[in-house]
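Novice: Based on what follows, work out the 3D shape:
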Amino acid sequence: MAIATMFKKFRFRGIVNDIPLNYKFMLIYIIGILLPIIVSNSLFMDRMSGLIKEREEQNLQISLERARKDIHTMIDGGVAVSHALITDKVLSEAMDRQYDGQLDFYRTLDAQLRHRVTSYIPVNNQIQRIGIYTDNPTIVPGGDYYNLDSSVRLSNWFKTWEAVGEPLQVVAYRDQAANDRTMTSSYFSVIEKMDYYYADNAYQKLVRIDFYLNRFYDVIAREESSLDLYLVNAQNQIIVSANDKYQGEMGSDYALFDTSKTTEQDLHIVPIGNASYVKGWKLIGVPQETRTKQAMLSMQLYFGMLAGIITLITSIFIYIMLRSYNYRVKRLSRHMQKVGNEKFDLINIDGGKDEIGDLIRNFNMMTAQIQSLINNVYKLEIQQRSLEAERIRAELNLLQSQMNPHFLFNTLNALLVVSTKNNYVDVKDIIKDLSKLLRRLLNWKDDLVTLEEEMSFTVMYLGIEKFRFRDKFEYYIDISDEARHYKIPKMSIQQLAENACKHGIQATPGLGYVKIQAEIMSDCLRIVVSDNGKGMDKERLQEVMYHMRGKEESGGNNIGMQNVYRRLELYYDDKVNFRIVSKLGEGTEVSFEIPLQLLESQGGEGGRDNDI
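Specialist: This next block holds a predicted model:
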């Protein structure tokens with residue numbers, strides 16, 4: 001059994017080894033990358049499709065319930081007003097009273113009835129009109145009070161109410177327009193019988209409250225972006241819809257809701273309420289397929305583009321990898337054939353650092369060794385002597401480069417001795433400082449120095465500039481004691497001071513000065529180098545800032561400032577706040593702030609050597 005397993009294992013390896021590497025790369029790409037991308041995107045899109053449908057279903061339910069609640073609230077508001085009117089004892093008594101004439105009725109109207117009905121309309125903006133109908137012959141019709149005569153009894157609203165036989169009804173009907181009797185209009189009303197106090201009275205009294213249909217239309221149209229809503233009564237007639245606004249407006253009858261055009265799964269039906277006066281009334285919602293389709297299409301486009309981009313990137317990557325391998329292997333194969341033909345040419349390409357690169361390097365090494373064995377001893381000796389001469393020449397150049405600084409130091413020391421003998425105090429101090437400066441410039445062993453040491457170096461430089469400019473130049477140093485022992489990159493201040501002298505002070509006709517300040521502010525070490533030189537205008541300042549932050553060398557002007565900025569950026573990344581403020585004719589101020597937590601400390605209080 002073990003032998004069979006081993007045989008199958010080696011047989012499988014043999015099959016894999018027989019496949020050309022180009023096809024292996026293609027199989028790795030298809031099975032290891034492309035197929036997982038397709039499968040994972042398909043599964044994810046299927047899951048996202050379910051989530052989108054579930055989300056849209058929830059949004060539809062929310063929209064449907066919101067519209068149902070608003071419609072129910074408006075109807076209940078009208079019913080509440082109707083109940084308030086039928087329970088109004090004064091109104092009921094006035095409607096049942098026998099009046100001696102029109103004058104007697106108008107007195108009662110002015111005293112009790114004129115605004116008794118209309119006072120409910122301002123707080124119920126869905127109510128268009130309220131009317132009280134009675135068959136009391138002594139009441140003079142007008143305003144909100146009407147006679148329940150034969151013409152009213154023959155109207156559609158009275159017939160509809162009377163046919164149902166319930167005291168309180170919510171009805172929709174077509175009737176004569178209130179402002180034009182020759183036209184018909186749609187109405188939506190609450191009709192209730194006034195028999196709360198006088199049920200056995202001979203006079204019949206009704207309250208009719210007409211709603212603004214556009215209020216119901218506004219509620220339905222508000223949800224039009226999610227689904228098409230239909231307000232349907234108990235007879236399955238469409239009263240209001242977003243598509244046809246007030247149903248029945250153009251015909252004599254209301255249209256019936258046709259369920260054959262939609263499936264039961266596409267319909268969302270909710271009853272308006274549980275009260276008897278809205279029994280059978282419902283709100284039907286038909287989802288808009290375009291909304292869900294658009295969401296699905298957007299999701300499919302997004303994931304399709306994502307899959308396409310990933311496939312493109314991986315295809316390019318595989319192509320680059322395959323081309324890198326194929327090109328080098330073919331070159332190696334051709335050169336091996338040349339070796340078989342006794343041509344020992346080296347492979348002059350960048351082989352890289354991978355296994356193929358090692359093969360190329362080993363091949364070149366082997367070819368070179370074979371060729372060196374074939375060459376005669378004379379050629380080999382000439383080559384060795386040439387290499388030895390080059391080595392000696394390099395050593396001489398190194399010794400010469402080391403001699404020049406020592407020669408310069410010896411010359412300065414000789415000048416220092418002469419100046420001391422002749423009591424040239426100023427010249428002696430300048431030569432001494434210059435010698436120290438040169439030694440420090442050539443010594444880069446420690447790149448981080450204390451602020452005190454950096455300022456000593458800067459003061460020496462400023463002293464030399466003072467010697468040059470004499471009374472035309474002054475400098476001021478203001479260093480706080482607590483800042484002296486923090487370490488900063490070498491020449492961070494000196495180059496800024498040199499830049500101020502070179503570009504600012506030399507062009508100043510009057511007295512020029514350079515001021516250097518260092519202090520601790522808000523957990524930061526703040527260093528400011530300012531001058532009263534010629535300054536810069538806004539365009540020149542922007543150019544300097546651009547070159548300072550650029551990766552290329554600015555060349556000539558402001559290279560010292562660029563070096564300081566890059567070294568601070570190298571040490572402290574982007575945590576250094578580097579600023580340049582300059583005004584033409586007024587001078588320039590360069591400052592930078594380094595957080596104390598990034599700085600090393602020597603642990604001392606600092607000193608006051610070298611006038612700092």
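
Novice: Work out for me the element the closest residue to residue 219 other than its chain neighbours sits within.
Specialist: Distance criterion CB to CB, 6 or more residues apart in numbering; nearest residue to residue 219, sequence neighbours excluded, is residue 70 at 4.7 Å. C-betas here are computed from N, CA, C, even on glycine. Using DSSP states H and E, residue 70 sits in helix 35-86.

Novice: taking the mean pLDDT, what do you get for that helix?
Specialist: Across helix 35-86, pLDDT averages out at 85.

Novice: Remind me what the next helix or strand after that helix packs against, helices and strands.
Specialist: The element immediately downstream of helix 35-86 (helix or strand, assigned by DSSP H and E) is helix 89-96. Taking 3 or more CB pairs under 8 Å, 6 or more residues apart in numbering; DSSP states H and E as contact, the helices and strands that helix 89-96 lies on are strand 127-134, strand 205-211.

Novice: taking those together, which one is wrapped up most tightly?
Specialist: strand 205-211 (a mean of 23; mean count of other CB atoms under 10 Å).

Novice: Need the pLDDT of residue 582.
Specialist: On the pLDDT scale, residue 582 is placed at 90.

Novice: Test my guess that it contacts residue 532.
Specialist: No: contact between residue 582 and residue 532 fails when scored by CB atoms under 8 Å: they sit 11.3 Å apart.

Novice: that older thread, for the residue nearest to residue 219, the count of nearby residues, please.
Specialist: Neighbourhood size, residue 70 [other CB atoms under 10 Å]: 18.

Novice: so how far is residue 355 from it?
Specialist: Residue 70 is 74 Å from residue 355, where distance means CB to CB, to the nearest Å.

Novice: same question, residue 53
Specialist: As judged by CB to CB, residue 53 and residue 355 stand 52 Å apart.

Novice: again with residue 560
Specialist: Spatial separation of residue 560 from residue 355 under the definition CB to CB is 48 Å.

Novice: ok, those two, which is more surrounded?
Specialist: When residue 560 and residue 355 are compared for neighbours, residue 560 comes out ahead with 18 against 9, by other CB under 10 Å.

Novice: what sits against the more buried one?
Specialist: For residue 560, the contact set (CB atoms under 8 Å, 6 or more residues apart in numbering) comprises 495-496, 498-499.

Novice: Where does it sit, in terms of helix or strand?
Specialist: Residue 560 belongs to helix 559-572 when assigned by DSSP H and E.

Novice: what's the closest non-adjacent residue to residue 129?
Specialist: residue 210 (4.3 Å).

Novice: these two touch, right, that neighbour and residue 127?
Specialist: Yes: with contacts defined as CB under 8 Å, residue 210 counts as touching residue 127 at a distance of 7.3 Å.

Novice: Next, the nearest residue to residue 268 once chain neighbours are set aside: phi, psi?
Specialist: Counting by CB to CB, 6+ apart, residue 285 is the residue found nearest to residue 268 once chain neighbours are left out, at 4.0 Å. Dihedral angles phi and psi of residue 285 (degrees, to the nearest 10) take the values phi -110, psi 130.

Novice: again with residue 31
Specialist: Reported as degrees, to the nearest 10, the phi and psi values for residue 31 are phi -80, psi -40.

Novice: From residue 326, how far out is it?
Specialist: Taking CB to CB as the measure, residue 31 falls 20 Å from residue 326.

Novice: These two: who's more crowded?
Specialist: residue 326 (13 against 10).

Novice: Many thanks, we can stop here.
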